[in-house]
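Novice: Provided below for reference: sequence and predicted model.
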Amino acid sequence: MTAPRATADPRIFQEQVHTQYQTFPVTLGGSVVAVVLFSIALTFWQPLWAVGLWFVAMFLQFGVRAMVTRRYHRRCQLGPLAAPEVRAWGRYSTWGSGLSGSLWGVMAWVFFPPTGSEFAQYQYLLMMMLSGMGTAAAFAQASYLPGFRAFMLPACVPFTILLFLQGTPLHTMYGAGSILYMLAIDRFVVILNGSILDAYRMRFANQDLAEQLAQQNETVRQASAAKSKFLASASHDLRQPLHAMELFAEALQHTSLPTASHRITEKLRKSVAAMRSLLDTLLDISKLDAGVIQPQPAPTGLARLLGLVHHEFSGLAQSKGLFLRLRVPPFAATHSDPVLLKSIVSNLVSNAVRYTERGGILITCRPWQGRWMLDVTDTGLGIPQAQQQEIFKEFVQLHNPQRDREQGLGLGLAIVGRLCGLLGHTVEVRSEPQRGSRFRVWMPQTTLPAAEEVSGLANAPAPLEHDALILVIDDERDVREAMHAMLTGWGLRCVCQPDAPLAVQALENEQSLPLLIISDYRLADQVNGIDAIEHVRNEYNCEDLPALLITGDTESKDLLKVQQSGIPVMHKPVDTRQLKALIQQLSWERSRQ
């Protein structure tokens, strides 16, 4: 007989043993039926008491094996089996098969009808029964060769020996046939066993691949999380001193400095503004990753929106000797989020100005089959066909291999692609190297209401309320000093404290409510600005007291928490023009009350 194939993987051996116990209830049912029917047949030529003894012995071994099988399943419920336990349970299964086969072999030896007697024809019944049991065992125990052979050999060998002992040519031929049958069925089981083991190996190999893939995905996820955490921490640490620098520069603008000093201060502010632009671009990507940007679509006038973009970049284009032209019908309108749509167009125009050295940029908006085609066309460097999809990936800059800071971070078009997907707009690019590029955004057409008001865009400035009280909560002394210098330079009164309790204490003698609470998001002792603002509001029993959060955090969980608070937020370094505009708006609103 062929030797069984080795199974080096202990999981395969465990699966072989497990299969034996899993299939035992089915084989037990078949064996019980066979024993009952054959016992009835045996009574035709054997004493009832002898048949009864064999019958009882068979059912006793059935009971023992059933009890062992039950104990095995209970043990499996307690947890994984150790290798020695698996081997032990494998031995128990093999011993059970050997016991069953031995009882069948004893039956064949003891109850063999004598040749030449009137019961000789029952030899054929024995032959059929044993061959049937052997064939059934081949299928039931093919997964585990030791178990099959432990049954087959003691069940069939005694009967085969008896056939040869009869001494007749016919019985000799039957004995030879029995040997051939055992060899053939063993070969069949070996082949079937090999197929089953291959299936086990393939299954475990797939499991290993799946686990490796899961581990690699987890490694990538952890690396991405570590990168995001590093960028968030680095962004926060960079924003903090820049924030103070911006405030001090604004405060200097309102002091009596020489003209040359004012020029230096203005250049300093421009440098801070450039750094703020780079950090805000990273922030936009963080917001998109965090899912905190929720579009608020509304009827949006394209003429006004594109006019603002044109005005924003016309000075920069002129400084490079480029033309920047706008062609848009005055009635053009779409259904979109005006703030996000302006961000898309601004990024496209910014990229066009940045990578165009001669000629200029044309912004057009034309109707086509119920939609608007918004095109930003330039005469710049162009993009090779093979790389026209790569440019929408993060940090891709085809024409900035030296990573010049003035050329940005390579995130503008990534933001364009993701915002277009968020708004349901389609963005296309057509470009040829050295001939320029055309970026096209497809948007639906709509009509504006009678009184058009574009939300999120700048309104006309209002005067500041003189001597209005502003409460500042920030645990950084430099920021408090810079904020105090700037706000007092604007003609406002300012109370600056490191936490909410001290702020409330400092406001005890104030007769009026603060016009605005400005709080840093991340304060000392694990306190956040949301809690600080709520503390002050509760002290004044005024839930709608205007407040503003200032943060340098860009982590997803922090962005989500800030968004869910409903408190307006500005990111460090704060654009002092936006802060002043907010205070002007609050001054105007309070003057109307």
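Specialist: Perfect, I can see it now. Numbers count the residues shown, from 1 in each chain.
Novice: and stretch 577-593, which residues are buried?
Specialist: 579-584, 586-588 (16 or more other C-beta atoms under 10 Å). In short, each C-beta sits where N, CA and C put it, glycine included.
Novice: can you tell me which of those residues lies nearest to residue 490?
Specialist: Comparing the buried residues of stretch 577-593 against residue 490 with C-beta to C-beta picks out residue 580 as the nearest, at 6.7 Å.
Novice: from memory the closest one sits against residue 490, does it?
Specialist: Yes. Using C-beta atoms under 8 Å, residue 580 and residue 490 qualify as a contacting pair, with a distance of 6.7 Å.
Novice: overlap in contacts of those two?
Specialist: For the pair residue 580 and residue 490, residues contacting each of them under the criterion C-beta atoms under 8 Å, 6 or more residues apart in numbering are residue 464.
Novice: which residues touch stretch 481-492?
Specialist: With C-beta under 8 Å, 6+ apart as the criterion, stretch 481-492 contacts 244, 247-248, 250-251, 253-255, 464-470, 472, 474, 493-494, 496, 515, 518, 576, 580, 583.
Novice: Mind checking which of those residues are buried?
Specialist: So, of those, 244, 247-248, 250-251, 464-465, 468-470, 472, 474, 493-494, 496, 515, 518, 576, 580, 583 end up buried under the neighbour-count rule (16+ other C-beta under 10 Å).
Novice: Need the residue closest to the centroid of this structure.
Specialist: residue 221 (7.8 Å; C-alpha atoms, centre = their mean).
Novice: Tell me the predicted confidence for that one.
Specialist: For residue 221, the pLDDT comes out at 82.
Novice: returning to what we had before: which ones among the contacts of stretch 481-492 are found in strands?
Specialist: Taking DSSP state E as the definition of strands, the contacts of stretch 481-492 contribute 469-470, 472, 493-494, 496, 518.
Novice: now, the most widely separated pair of those residues?
Specialist: Pairwise distances among the ones in strands among the contacts of stretch 481-492 were taken by C-beta to C-beta; the largest, 13.1 Å, belongs to 493 and 518.
Novice: Which neighbours do those two have in common?
Specialist: Counting by C-beta under 8 Å, 6+ apart, the shared contacts of residue 493 and residue 518 are residue 470.
Novice: Tell me which stretches of this protein form strands.
Specialist: 298-301, 323-327, 333-336, 360-368, 371-378, 426-432, 436-444, 469-473, 493-497, 516-520, 547-551, 569-571.
Novice: would you list those strands in CSV and tack on mean pLDDT and distance to residue 115?
Specialist: As requested, those are exported to CSV (pLDDT from 0 to 100; distance: least, C-beta to C-beta, whole Å):
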stretch, mean pLDDT, distance to residue 115
strand 298-301, 88, 103
strand 323-327, 93, 113
strand 333-336, 90, 100
strand 360-368, 92, 101
strand 371-378, 92, 98
strand 426-432, 87, 92
strand 436-444, 91, 96
strand 469-473, 92, 110
strand 493-497, 92, 114
strand 516-520, 92, 106
strand 547-551, 89, 101
strand 569-571, 84, 102
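Novice: Would you mind finding the most buried of those strands?
Specialist: Burial among the strands of the chain, expressed as mean neighbours by mean count of other C-beta atoms under 10 Å, is greatest for strand 516-520, which shows a mean of 25.
Novice: In the protein, what helix or strand scores lowest on average pLDDT?
Specialist: Across the helices and strands of the chain, mean pLDDT, DSSP states H and E gives its lowest value to helix 259-290, namely a mean of 65.
Novice: For residue 542, see how far away residue 483 is.
Specialist: With distances defined as C-beta to C-beta, to the nearest Å, the gap from residue 483 to residue 542 amounts to 22 Å.
Novice: For those two, indicate the residue with more neighbours.
Specialist: residue 483 (27 against 12; other C-beta atoms under 10 Å).
Novice: Kindly provide the distance from that one to residue 296.
Specialist: Between residue 483 and residue 296 the distance, using C-beta to C-beta, works out to 31 Å.
Novice: Which of the ones in strands among the contacts of stretch 481-492 sits closest to residue 178?
Specialist: For the ones in strands among the contacts of stretch 481-492, the residue nearest residue 178 by C-beta to C-beta is residue 518; the value is 98.4 Å.
Novice: Please save the CA atoms from stretch 9-24 in PDB.
Specialist: This file holds the C-alpha atoms of stretch 9-24, laid out as PDB (Å, rounded to 0.1, in the frame of the first residue of the first chain):
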ATOM      1  CA  ASP A   9       1.400  22.100   8.500                       C
ATOM      2  CA  PRO A  10      -0.100  21.200  11.900                       C
ATOM      3  CA  ARG A  11      -3.400  23.000  10.900                       C
ATOM      4  CA  ILE A  12      -3.900  20.400   8.200                       C
ATOM      5  CA  PHE A  13      -3.500  17.500  10.600                       C
ATOM      6  CA  GLN A  14      -5.900  19.200  13.000                       C
ATOM      7  CA  GLU A  15      -8.400  19.600  10.200                       C
ATOM      8  CA  GLN A  16      -8.100  15.900   9.300                       C
ATOM      9  CA  VAL A  17      -8.800  14.900  12.900                       C
ATOM     10  CA  HIS A  18     -11.700  17.400  13.100                       C
ATOM     11  CA  THR A  19     -13.200  16.000   9.900                       C
ATOM     12  CA  GLN A  20     -13.300  12.500  11.500                       C
ATOM     13  CA  TYR A  21     -15.300  13.700  14.400                       C
ATOM     14  CA  GLN A  22     -17.500  15.900  12.200                       C
ATOM     15  CA  THR A  23     -18.500  13.000   9.900                       C
ATOM     16  CA  PHE A  24     -18.900  10.400  12.700                       C
END
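Novice: Now for residue 64: which residues touch it?
Specialist: 96, 99.
Novice: ditto for residue 522
Specialist: When the contact criterion is C-beta under 8 Å, 6+ apart, the partners of residue 522 are 236, 528-529, 551-553.
Novice: what number of residues lie near the closest residue to residue 72 other than its chain neighbours?
Specialist: Counting by C-beta to C-beta, 6 or more residues apart in numbering, residue 21 is the residue found nearest to residue 72 once chain neighbours are left out, at 4.9 Å. Number of residues near residue 21 (other C-beta under 10 Å) recorded here: 21.
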